[in-house]
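Asker: here is a sequence with its predicted model. Questions after.
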Amino acid sequence: MNLSYDYPVLGAFWTAMWIFLWVLWIILLFRIIGDIFRDDTLGGAAKTGWLVFVVVLPFLGVFVYVLARGKDMGGREVRHARARQQAFDDYIRETAGSGAGRGDEVEQLAKLSEIRSRGDITDAEFQRAKEKILH
């Protein structure tokens, strides 16, 4: 009993090809659905229309969506990634203590020190202003 003849190499190749294309199709479908929800230029009715079109007639809907709006999909993805990165960076700065509040304090103290070194304010005025900045 030799099983290799029951399923030839070409049959295995075509099976692998169809599985690959099916997975690729599912990924493309989810990317398009994500792009529909991510797009801020579309209103609610337009998003609903595209979503119904893509879900009810998936092959036709995906192809029409890619033809009609595919050019800007990459730009929307890049803008979304930059916004996420900026939010993450802001969170890290805030959490690490070197965010806007701490940076402003450092800048204000540096300016205050410069004013004192020029002799525009006294040491007592410097101390009061420094306490006000730090508290």
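Answerer: That came through, no problem.

Asker: drop to CA atoms for contacts and neighbour counts, all remaining ones
Answerer: Noted.

Asker: helices or strands next to the helix or strand where T95 lies in the packing?
Answerer: For T95, the host element (DSSP states H and E) is helix 73-96. Applying 3 or more C-alpha pairs under 8 Å, 6 or more residues apart in numbering; DSSP states H and E, one finds that helix 73-96 makes contact with helix 9-38.

Asker: how about the helix it packs on: buried residues?
Answerer: Residues of helix 9-38 classed as buried: L29, I32, I33, D35, I36 (neighbour count, 16 or more other C-alpha atoms under 10 Å).

Asker: let me know the closest of the residues you listed to A124.
Answerer: Nearest to A124 among the buried residues of helix 9-38 is D35, at 59.8 Å by C-alpha to C-alpha.

Asker: residue contacts, the closest one?
Answerer: M73, R76, E77 (C-alpha atoms under 8 Å, 6 or more residues apart in numbering).

Asker: how near is F37 to F59?
Answerer: 19 Å (C-alpha to C-alpha, to the nearest Å).

Asker: now do the helix holding T95 and helix 9-38, the angle between them.
Answerer: Interaxial angle, helix 73-96 versus helix 9-38 (axes from the mean of the first three to the mean of the last three C-alpha atoms, to 10 degrees): 70 degrees.
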